[in-house]
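Engineer: Just need the structure, nothing else, for what follows:
(one chain, ligands or ions: 3)
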Amino acid sequence: MGIFERRASNKQSGFWTSAASVLFITWILVVAYYMNNPTPDGLCDPWKYRAFAAGKRIASDVAYAASLFTSLHSIQIFRSFVDLAALMRTPHPEVQGSNIRSSVTTFDGVKVRLYELITRKAGLGPAIVFMHGGAFVIGSTAMFDKLTRRFAEELDCVVVSIEYRLAPEHPFPAAYEDCLNATKWFMDHAQDYHVDRSRIGVAGDSAGGALAAAVSQILHDEPGYPDVALQALIYPITQFIDNHTPATFLSISHFGEGGSIVTWQEAGEFTCFYLLGRLDDRVVRALIDNTHTSVEFRRDSPLAQYVNHTLLPPHMQDYGHLTPPHRKELKGDDIVWDQIDEIVLDPRASPLLRRNMTGLPPTFVATCEFDPLRDHGAFYALRLKDARVPVTWEHYRGGFHGVLGPAWPLVFEVGEKMFQDLIEFAREHLAI
Ligand SMILES: *[C@@H]1O[C@H](CO)[C@@H](O)[C@H](O)[C@H]1NC(C)=O
Ligand SMILES: *[C@@H]1O[C@H](CO)[C@@H](O)[C@H](O)[C@H]1NC(C)=O
Ligand SMILES: *[C@@H]1O[C@H](CO)[C@@H](O)[C@H](O)[C@H]1NC(C)=O
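Structural biologist: Numbers count the residues shown, from 1 in each chain. Ligands and ions are numbered 1, 2, ... in the order given. Model prediction:
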């Protein structure tokens, strides 16, 4: 009896071992397939980049396959994968040897992840309010916990990471309102957190960069509130009027027609979700083709000159192996423009389109060599410089969109350099 049992279990374990091997080999093949992407010369840590991009591509393809069997859009399924991944490395409130304790709370009804000092110094200290990236559609404070915790630890200061509402369920201006309301509430109650309200900086990456820039602008105009002490804009989105800047074309040369980490189709869909709260094929198509503005707007509006490619430094006017676009010949879809113009021209969505940049707070702008959104940050930095705002604009050779985080455990050398530069800038302007 005992012998038979053992035999049976041996047989079973043999089956599982082979099944596991087949699965493992399949997985390796799948990963190898996805990692076999073109990467340009000079990209930092190319193998880590490939692993990062492959992870994203696998998740979005699985999400697409799953969407065929449900009524959800693939981006919504993709978002739950991202949330699941963030959950699997659930932020711990306390970490051994660290002076920072995190907690989840609400500021004026907006959920935030708050990082506080366990042992405080006497008096009031500085703080940073962080707005995460994710194209206004994905991402969470949990996903960026490693980064925000590191900011708090390195600067030994309070950090507030805002869990703003996401599109498509909550299109513009929900995210912006959450960020503004939470930041104002934090300023009003700064003392309760042992923070000096005049030493609060804002920081954001990608979509969070647009939010941080908009919040800085509005607080500058708002009577009764001090300016933020600094704004750190990490490869920010700053406008929606030109989706075909030189960096976009260069990115096609570098990474191929499929796009880099995000495909062009996804980029169009994310933007449409944010602007309209739903998908509209015509709007998505126009956003991808850059025909979403009207010919008259591009020709006549002074706002259109804020994205004039000739403003960029000469080395950033390279279109790669593609023919430069003849903007004068570009068509415009008036029906699409009528649907989106009010939002797109609103500086709360496109902070680059604010007319008066004078007096805005000291700014750090990070742009990356291999980022299709590179010129957003470049245009913004140039406009601030013109208005004599103190600007530190760092351009990272070898960097790509997302290099700072949240790719952990993949750590990129360029991202580390950017992190150190951000810390140095914050120390200077928060008087740490
Ligand atoms: C933000 O605050 C303003 C003023 O207190 C309020 O009217 C508005 O409803 C708030 N917005 C959100 C999204 O909570
Ligand atoms: C960009 O600016 C230059 C110089 O002012 C001007 O000649 C050119 O027409 C502008 N381009 C567009 C597309 O408006
Ligand atoms: C621009 O903003 C600055 C600072 O807020 C202000 O002093 C100046 O008068 C404004 N300029 C115009 C033309 O509105």
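Engineer: how far is the helix or strand encompassing residue 252 from where the chain is centred?
Structural biologist: Element membership of residue 252, judged by DSSP states H and E, is helix 246-255. Centre-to-centre, helix 246-255 and its host chain are 19 Å apart (CA atoms, centre = their mean, to the nearest Å).
Engineer: Go ahead and name everything in contact with it.
Structural biologist: Here helix 246-255 makes contact (CB atoms under 8 Å, 6 or more residues apart in numbering) with 37-40, 43, 259-260, 309, 312, 316-322, 324-325, 370-375. (C-beta placed from N, C-alpha, C; glycine too.)
Engineer: now whatever helix or strand comes next after it and helix 246-255, what's the angle there?
Structural biologist: Under the assignment DSSP H and E, the closest C-terminal helix or strand after helix 246-255 is helix 264-276. In terms of direction (axes from the mean of the first three to the mean of the last three CA atoms, to 10 degrees), helix 264-276 departs from helix 246-255 by 150 degrees.
Engineer: how much space between whichever residue of the stretch 301-432 of the chain sits closest to ligand 1 and ligand 2?
Structural biologist: With CB to the nearest ligand atom as the measure, residue 348 is the residue of the stretch 301-432 of the chain nearest to ligand 1, at 12.6 Å. Using CB to the nearest ligand atom, to the nearest Å, we find residue 348 at a distance of 25 Å from ligand 2.
Engineer: Equivalent analysis for residue 210, please.
Structural biologist: 23 Å.
Engineer: Verify the contact between that residue and residue 240 for me.
Structural biologist: No. Taking CB atoms under 8 Å as the definition, residue 210 is not a contact partner of residue 240, at 9.3 Å.
Engineer: between these two, which one's more packed in?
Structural biologist: In this view residue 210 and residue 240 are compared by other CB atoms under 10 Å, and residue 210 has more residues nearby, 31 against 24.
Engineer: which ones are touching the nearest residue to the more buried one once chain neighbours are set aside?
Structural biologist: Leaving aside its sequence neighbours, residue 210 sits nearest to residue 237 (CB to CB, 6 or more residues apart in numbering; 4.5 Å). For residue 237, the contact set (CB under 8 Å, 6+ apart) comprises 135, 206-207, 209-210, 373, 376.
Engineer: Can you say which helix or strand has residue 237 in it?
Structural biologist: Counting by DSSP H and E, residue 237 is found in no helix or strand.
Engineer: Next up, phi/psi of it, please.
Structural biologist: Geometry field for residue 237 lists phi and psi as phi -90, psi 130, criterion degrees, to the nearest 10.
Engineer: Okay, it and ligand 3: tell me how far apart.
Structural biologist: Residue 237 sits 24 Å away from ligand 3, going by CB to the nearest ligand atom.
Engineer: one step back: export the contacts of residue 237 to JSON lines and tack on distance to ligand 1?
Structural biologist: Formatted as JSON lines, the contacts of residue 237 follow (distance: CB to the nearest ligand atom, whole Å):
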{"residue": "135", "distance to ligand 1": "20"}
{"residue": "206", "distance to ligand 1": "22"}
{"residue": "207", "distance to ligand 1": "17"}
{"residue": "209", "distance to ligand 1": "20"}
{"residue": "210", "distance to ligand 1": "17"}
{"residue": "373", "distance to ligand 1": "26"}
{"residue": "376", "distance to ligand 1": "25"}
